[in-house]
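> turn this into a structure:
(4 chains)
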There are 2 protein chains.
Amino acid sequence: MVSAAAHSHAIELLQSHSLTTLVRHELERRILSGELEPGAKLNEEGIAGTLNVSRGPVREAFRALESAGLVRTEKNRGVFVREVSVDDADEIYEVRAGLDELIGRLLAARIQPAHVAELRELLKKMQKAARARSVEDYYPLNVGFHDRLAELTGNRTLLAHYRRLVNELHLYRRETLARGADSFPISTREHSAIVEALARGDGDRAGKLMYEHAMESRDRLHAALEKPLLEKPLKDKP
Amino acid sequence: MVSAAAHSHAIELLQSHSLTTLVRHELERRILSGELEPGAKLNEEGIAGTLNVSRGPVREAFRALESAGLVRTEKNRGVFVREVSVDDADEIYEVRAGLDELIGRLLAARIQPAHVAELRELLKKMQKAARARSVEDYYPLNVGFHDRLAELTGNRTLLAHYRRLVNELHLYRRETLARGADSFPISTREHSAIVEALARGDGDRAGKLMYEHAMESRDRLHAALEKPLLEKPLKDKP
DNA sequence: GAATTCCAGATTGTTGACAATCTACAAAGC
DNA sequence: GCTTTGTAGATTGTCAACAATCTGGAATTC
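Numbering: from 1, shown residues only, chains lettered A, B, ... in the order given. The predicted structure is shown next:
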């Protein structure tokens, strides 16, 4: 027997989600997870077949993803996972830096003590991962930290624009992450300084720190581009 | 006889624009022009009939407009022109202020003398319209001035995000413009100061001025909300 | 008379079929 | 051998029909 809660959940799902939104979210997941790589072609009939729907909802999902900046459409040729060039990434980093500065400024004026405590907890986890040199632990924590900052401003429009930029950068990093960009040990000190400025309610300082923090990660990316692809650590040598 | 240029134009149009994009642009135009008011319901078959297409392309255009933030969809009930609440507008103004600051900072570092001259020309026209107390002349010039600033940064991502915010605010203003918001004479002095800071290459100053300029227009909006709707000028009285 | 139930019309969600276009490869011509 | 032309198969663009859902009012009940 199924619980009433599960039933109401199913009802809600049916009421809010059409096949189009389902397809859209599934494709979004596959793109952001890297299952679908930048440049990959999305076949209408193929996707429709695997998800057991007709081509209509798939095409509608395509148009939504197109507006969201995750795919690119060529008429009569098909849709492709968006490829973010170096120049594109540069632009996106600049805008993200601007939004980060705004986030710092707004959040410093509104943040609650409980949220400061929460951020400090997050910092501890990140420092632990950094000491352990664990990128796979550190990377999602870092993304989560910045996302939480955006969320805590209480400005949903800001959050939406911020997330879109982060998604697009994620699309770009997929190609370059292996090159050793986002060298994480550097960031922990900057993160601490940001949280402390927020705790003091110093909006200008927090904003400035966050702007510079974002611009530095852009610079790190440029530096990483000079390195050879997939550089192996020394211990691999005899 | 039709010229070769006209032919190539037609070919290009056919190659790049599907019915979906045509419908999309047409609806976008109608929404932003106010022909379709916020909250208005968009009937699939009605629109399809008017534009002489089937419902498929119309539905695809709906999904694109939804992602673009211009319409809202309720499952099994239809799509409606987005209504931007006061709180929404507040959020949007905040983000726009952040982007404006960024625009000022970036542009000061990159602007060319020819562009400074162009902006000064624009300022002259705006001052002329302001002196004439002509809102219908001033308003589009003002929008164009800020759009041009965003464009001159050379950052297309920034421009896209900026334009989206402006469009959303436009949707909001439609309900409140008549109340006397955007009292324009105030702005001309600020605009001059911005252009001068840009000309000097003073990014921090230009950014600060643009941030404050945007925040002030938000405040003016709030002040305008206190006024009665559609206040008539005195000369209408006997 | 007020509230509820039921039904018909309208509208949206989804599907499958048809038309237009592209891609890749084979055949023909130089 | 290289380019060009032509064609078959695959893929996208568009449409029209069917199914599911909603809306508003008439009929029914209390």
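
> for the rest of this, base every contact and every neighbour count on C-alpha atoms.
Will do.

> beyond the helix or strand of chain A with the lowest mean pLDDT, next helix or strand please.
Ranking every helix and strand in chain A by mean pLDDT, DSSP states H and E puts helix A:4-16 at the bottom, with a mean of 58. Moving toward the C-terminus from helix A:4-16, the next helix or strand (DSSP states H and E) is helix A:19-33.

> any idea of the mean pLDDT in that following helix?
Helix A:19-33 carries an average pLDDT of 95.

> buried set for it?
For helix A:19-33, the neighbour count (16 or more other Cα atoms under 10 Å in any protein chain shown) marks A:19, A:20, A:21, A:22, A:23, A:24, A:27, A:28, A:31, A:32 as buried.

> now the third one, nearest residue through space, not along the chain?
Here the nearest residue to residue A:21 in space, its sequence neighbours aside, is residue A:61; by Cα to Cα, 6 or more residues apart in numbering or on different chains that works out to 6.7 Å.

> quick one: the helices in chain A, in order.
All helices of chain A, identified by DSSP state H, fall at A:4-16, A:19-33, A:44-50, A:55-67, A:86-110, A:113-131, A:135-152, A:156-176, A:187-200, A:203-226.

> for DNA strand D, find the nearest of these.
helix A:44-50 (4.1 Å; Cα to the nearest atom of the strand).

> and that closest one, does that touch chain B?
No. Contact of helix A:44-50 with chain B (Cα under 8 Å from any Cα of the partner chain) is absent, the minimum separation being 14.0 Å.

> other SSEs contacting that helix?
If you count contacts as 3 or more Cα pairs under 8 Å, 6 or more residues apart in numbering or on different chains; DSSP states H and E, helix A:44-50 packs onto helix A:55-67.

> could you point out where chain A is predicted with low confidence?
Residues of chain A meeting the criterion pLDDT under 70: A:1-15, A:174-186, A:224-238.

> around DNA strand C, pick out the residues from it.
A:18, A:19, A:20, A:52, A:53, A:54, A:55, A:56, A:57, A:76, A:77 (Cα under 7 Å from any atom of the strand).

> among the residues you listed, who's most crowded?
Counting neighbours by other Cα atoms under 10 Å in any protein chain shown, residue A:57 comes out on top of the residues of chain A next to DNA strand C with 22 neighbours.

> surely that residue is in contact with residue A:20?
Yes. Assessed by Cα atoms under 8 Å, residue A:57 is found in contact with residue A:20 at 4.5 Å.

> domains of chain A?
Split into domains by automatic domain parsing, chain A comes to A:7-81, A:86-227.

> show me what from chain A comes close to DNA strand D.
Within chain A, the residues that sit near DNA strand D (Cα under 7 Å from any atom of the strand) are A:15, A:42-45, A:55-56, A:74-79.

> and these, which is closest to residue B:154?
residue A:74 (24.5 Å; Cα to Cα).

> tell me who's in contact with that closest one.
Applying Cα atoms under 8 Å, 6 or more residues apart in numbering or on different chains to residue A:74 gives the contacts residue B:16.

> from residue B:82, how far out is residue A:21?
19 Å (Cα to Cα, to the nearest Å).

> now do residue A:110
Counting by Cα to Cα, the gap from residue A:110 to residue B:82 is 28 Å.

> looking at the two, which is more packed in?
Neighbour totals were compared for residue A:110 and residue B:82, and residue B:82 leads with 22 against 14 (other Cα under 10 Å).

> need the phi and psi values for the more buried one.
Here is the backbone geometry of residue B:82 (degrees, to the nearest 10): phi -60, psi 140.

> quick check: it touching residue B:69?
Yes. Assessed by Cα under 8 Å, residue B:82 is found in contact with residue B:69 at 7.3 Å.

> ok, back up a step: wait, the residue nearest to residue A:21 sits on residue A:23?
Yes. Shown here, residue A:61 and residue A:23 form a contact pair, counting by Cα under 8 Å, at 6.2 Å.

> now do the contacts for the residue nearest to residue A:152 when sequence neighbours are not counted.
Closest residue in space to residue A:152, ignoring its immediate chain neighbours: residue A:107 at 6.8 Å, by Cα to Cα, 6+ apart. When the contact criterion is Cα under 8 Å, 6+ apart, the partners of residue A:107 are A:149, A:152, A:153, A:198, A:203.

> ok, residue A:55 next?
Contact analysis of residue A:55 by Cα under 8 Å, 6+ apart lists A:44, A:45, A:48.

> please redo it, this time with the cut-off set to 10 Å
Neighbour list for residue A:55: A:20, A:43, A:44, A:45, A:46, A:47, A:48, A:49, A:61 [criterion: Cα atoms under 10 Å, 6 or more residues apart in numbering or on different chains].

> swap in residue A:97?
Contacts for residue A:97 (Cα under 10 Å, 6+ apart) come out as A:91, A:103, A:162, A:207-208, A:210-218, B:99, B:102.

> state the number of residues packed around the closest residue to residue A:141 other than its chain neighbours.
Take residue A:141 and drop its neighbours on the chain: the residue closest to it by Cα to Cα, 6+ apart is residue A:126, 6.3 Å away. Here the number of neighbours of residue A:126 (other Cα under 10 Å) works out to 25.

> same check, this time on residue A:162
The burial count assigned to residue A:162 is 22, neighbours taken as other Cα under 10 Å.

> sorry, back to before: reformat the helices of chain A as JSON lines; add distance to residue B:130.
Shown next, in JSON lines, are the helices of chain A (distance: least, Cα to Cα, whole Å):
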{"stretch": "helix A:4-16", "distance to residue B:130": "49"}
{"stretch": "helix A:19-33", "distance to residue B:130": "48"}
{"stretch": "helix A:44-50", "distance to residue B:130": "54"}
{"stretch": "helix A:55-67", "distance to residue B:130": "37"}
{"stretch": "helix A:86-110", "distance to residue B:130": "31"}
{"stretch": "helix A:113-131", "distance to residue B:130": "47"}
{"stretch": "helix A:135-152", "distance to residue B:130": "39"}
{"stretch": "helix A:156-176", "distance to residue B:130": "32"}
{"stretch": "helix A:187-200", "distance to residue B:130": "42"}
{"stretch": "helix A:203-226", "distance to residue B:130": "34"}
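
> out of those, which gets nearest to residue B:136?
That would be helix A:156-176 among those, by Cα to Cα, at 29.2 Å.

> quick check: buried residues in the closest one?
Here helix A:156-176 shows A:157-159, A:161-173, A:175-176 as buried, counting by 16+ other Cα under 10 Å.

> near chain B too, which of these?
By Cα under 10 Å from any Cα of the partner chain, the members of the buried residues of helix A:156-176 lying near chain B are A:157, A:158, A:159, A:161, A:165.

> next up, the contacts around the second one.
Contacts of residue A:158 were listed using Cα under 10 Å, 6+ apart, and they are A:99, A:100, A:102, A:103, A:150, A:151, B:91, B:92, B:94, B:95, B:96, B:98.

> now the two most distant members of the residues you listed.
Once Cα to Cα is applied, the contacts of residue A:158 give A:151 and B:96 as the farthest pair, at 17.2 Å.

> please say which of the two ends up with more neighbours.
Each of residue A:151 and residue B:96 has its neighbours counted (other Cα under 10 Å); residue B:96 has more, 25 against 19.
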